[in-house]
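Asks: Sequence first, then the predicted structure, then my questions.
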Amino acid sequence: MKRNVNINEISDGKLYGLNDMVKAGCDGCRDCSACCQGMGKTVVLDPIDIYRLTSNLACTFEQLLSDKVELNVVDGIVLPNLKMDGSSEKCRFLNEEGRCSIHSFRPGICRLFPLGRIYEDGSFKYFLQVNECSKKNKTKVKVKNWIDTPDIKEYEKFVTDWHYMLKSLESVLEVSDEAVARQISMYVLSEFYMEPYNDSLPIYAQLDEKIKKALHTICFVGQKS
């Protein structure tokens, strides 16, 4: 999701890599679930997020859509996001104690917060959003420990490839009519979210092949439009 903001106004002015220390530690979010409420439709889910949710909850993407996830247009393409509940827009995965019930396999945006990503030159760096977390006296923590995700180098490569694939797709959408836009959205939903993955093969290898296939398809659609 694109944000039209000046990074110098929302960050501490620094860019971080995986091994850098950043002041994001919040004592395990003790007695706080503020970042799990009032987020609207902003917790957009990528294919890894949905893969982890469906695998750990033993459900399908369609079952998630019936209760915990919804679809919305993001920069011209239909993508899933976490569904919020009630007037306080509380994440539907929060339990009665205000704790995350899927913490060990929570989505990437949740792992990242209050960090953000800035994409440049085919890659990205992390930055600290200084006004997003209200917790006082935060401590320094290594970025890769904060994100706390398996196979983090492969994960970062996927995040990069996914971002730039969506950027390519967005360029096609800018010169396409509504019928083509619907076709592209359905292709992405079907190929990356609805179609089951092979649990006997590495997930990142499967996603790499899907992204290559999608880029080829996008170029073909772009030439026709």
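Replies: Okay, I see it.
Asks: residues contacting Gly76?
Replies: Leu169, Glu170, Leu173, Glu174, Ala181 (C-beta atoms under 8 Å, 6 or more residues apart in numbering). C-betas here are computed from N, CA, C, even on glycine.
Asks: wait, I meant Asp27
Replies: Lys135, Thr139.
Asks: what about it, distance to Asn137?
Replies: 8 Å (C-beta to C-beta, to the nearest Å).
Asks: Also Asn95?
Replies: Taking C-beta to C-beta, one finds Asn95 at 26 Å from Asn137.
Asks: Check Phe105 too.
Replies: 29 Å.
Asks: who's more crowded, these two?
Replies: The residue with more neighbours, out of Phe105 and Asn137, is Phe105; 16 against 8, by other C-beta atoms under 10 Å.
Asks: Look at that one and report its pLDDT.
Replies: With respect to pLDDT, Phe105 has a value of 97.
Asks: OK, contacts around it?
Replies: Counted by C-beta under 8 Å, 6+ apart, Phe105 has contacts Arg52, Leu53, Ser55, Asn56.
Asks: Check which element follows the helix or strand hosting Phe158 along the chain.
Replies: Following DSSP states H and E, one finds Phe158 within helix 152-173. Where DSSP H and E defines the elements, the next helix or strand beyond helix 152-173 is helix 178-188.
Asks: looking only at pLDDT, what's the mean for that next one?
Replies: With pLDDT averaged residue by residue, helix 178-188 scores 89.
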